[in-house]
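*Asks:* from the sequence below, what's the structure:
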Amino acid sequence: MSTELFNRLEQKVASAVEALELLKLEAEELREENSRLKQEREEWERRLTALLGKFDELETERS
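*Replies:* Residues are numbered from 1 along each chain as shown. I've put the predicted structure just below:
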């Protein structure tokens, strides 16, 4: 195997490893954002459920 060919292969492997590391970091960031958004959605659901419960109480009191 010529030195030039070996060097090109080595560069491609290094580029692939770097791309994988960047993808791993991006995946971790997306997991964290997804977790934050899930928590936010759960909080909105709790608040909405509480508001709907208050409306139900008002309806019950009117009856």
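
*Asks:* so where's the protein shaky on pLDDT?
*Replies:* Applying pLDDT under 70 to the chain flags residues 1.

*Asks:* quick one: the helices in it, in order.
*Replies:* Counting by DSSP state H, the chain has helices at residues 3-62.

*Asks:* Thr3: neighbouring residues, count only.
*Replies:* Thr3: 7 surrounding residues under other CB atoms under 10 Å. (Glycine included, C-beta is placed from N, CA and C.)

*Asks:* ok, it - contacts?
*Replies:* Residues counted as contacts of Thr3 (CB atoms under 8 Å, 6 or more residues apart in numbering): none.

*Asks:* how close does Leu52 get to Glu29?
*Replies:* Distance of Leu52 to Glu29, computed by CB to CB, to the nearest Å: 34 Å.

*Asks:* scratch that, Glu43
*Replies:* Here the distance between Glu43 and Glu29 works out to 21 Å (CB to CB).

*Asks:* equivalent analysis for Ser15, please.
*Replies:* 21 Å.

*Asks:* ok, Ser2 next?
*Replies:* 41 Å.

*Asks:* neighbour-wise, which of those two wins?
*Replies:* Glu29 (10 against 7).

*Asks:* quick one, what contacts the more buried one?
*Replies:* By CB under 8 Å, 6+ apart, Glu29 lies in contact with nothing.

*Asks:* can we start the residue count at 47 from this point?
*Replies:* In the new numbering, first residue 47, that becomes Glu75.

*Asks:* what separation do you get for Leu55 and Leu94?
*Replies:* 57 Å.

*Asks:* do the same with Glu50
*Replies:* Going from Glu50 to Leu94 by CB to CB gives 65 Å.

*Asks:* what's the answer for Glu103, then?
*Replies:* 15 Å.
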